[in-house]
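A.B. asks: Prediction below, plus the sequence it came from.
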Amino acid sequence: MSQRLDLLHNFTIQDLCYKMPKSGTQIFKLLLCNRSGVWVDISGAIEIEGNEGYINLKYSIRGSQLHQTIRLASIPSNIGNSRVWYFICPFTGRRCRKIYLYRSYFRDRHNFDHIYRSQTLTPNQKNYLRIAEAANEVDRLTTMSFEKNYRKFYYNGKPTKWLSPILEARSMLANVDKVAYQRSGYKYGWLLLT
């Protein structure tokens, strides 16, 4: 049986419980595009031996045959008589509910040597991003509030629940550090709402 896994090319415990048989072999085939734009063909068979406390993964990536054994662990559930199953990462030894295919092997997310985009931004870029996000939030709330024609913005002299988030977003946008974005060299006058 051919099966396409999700685009994040990961396995969860739910995949083992619902998408695959309790024991035996499951055939899978993935066609993924990595970050450099190269299409990777991953195919193989996953052998599951449920009573042994581990799963054997036999798969091929770009023609090379790979074999990986991943242990399973269970703990009692806090809501009843059932058990919660976890993978044990072969690289870190941590319990995890999801394993990811990274550099030809399945591992948990703590084993990646990656950084977040926000860690590579300069302080000026972070300030610009913060201003742009605040302006987008004001714009989103304003357009959402004016979609209905008969919406009240004030009641008894107080802002209603429709106007309060708009006023908060505008004050946040007005309180952004003006010195920081003057140093960055960008022109932000069009972002400020009066």
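C.D. replies: It's in.
A.B. asks: Within its sheet, name the partner strands of the lengthiest strand in the chain and how each one runs.
C.D. replies: As assigned by DSSP state E, the longest strand anywhere in the chain is strand 64-76. Strands adjacent to strand 64-76 in the sheet, as given by DSSP bridges, are strand 54-61 (antiparallel), strand 83-88 (antiparallel).
A.B. asks: Point out where the protein drops to low pLDDT.
C.D. replies: 1-52, 62, 144-151, 172-194 (pLDDT under 70).
A.B. asks: can I see the domain layout of it?
C.D. replies: As assigned by automatic domain parsing, the chain contains the domains 10-111, 117-183.
A.B. asks: Show the residue spans covered by the helices in this protein.
C.D. replies: Along the chain, the stretches classed as helices by DSSP state H are 13-14, 123-145, 164-174, 178-183.
A.B. asks: circling back: so which of the strands paired with strand 64-76 comes closest to residue 97?
C.D. replies: With C-beta to C-beta as the measure, strand 83-88 is the member of these nearest residue 97 (6.2 Å). C-beta here means a position set from N, CA and C on the backbone, and glycine is covered the same way.
A.B. asks: Could you pull out the buried residues of the closest one?
C.D. replies: By neighbour count on 16 or more other C-beta atoms under 10 Å, the buried set for strand 83-88 is 86, 87, 88.
A.B. asks: Pipe the residues you listed into TSV and attach distance to residue 134 per row.
C.D. replies: Shown next, in TSV, are those (distance: C-beta to C-beta, whole Å):
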residue	distance to residue 134
86	40
87	40
88	43
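A.B. asks: Check these against residue 74 and report the nearest one.
C.D. replies: Nearest to residue 74 among those is residue 86, at 7.0 Å by C-beta to C-beta.
A.B. asks: Quick check: that closest one vs residue 105, distance?
C.D. replies: From residue 86 across to residue 105, the span is 18 Å (C-beta to C-beta, to the nearest Å).
A.B. asks: Without its sequence neighbours, what residue ends up closest to residue 166?
C.D. replies: Using C-beta to C-beta, 6 or more residues apart in numbering and skipping the chain neighbours, the partner closest in space to residue 166 is residue 141 (4.6 Å).
A.B. asks: what about the one you found, distance to residue 168?
C.D. replies: Residue 141 is 9 Å from residue 168, where distance means C-beta to C-beta.
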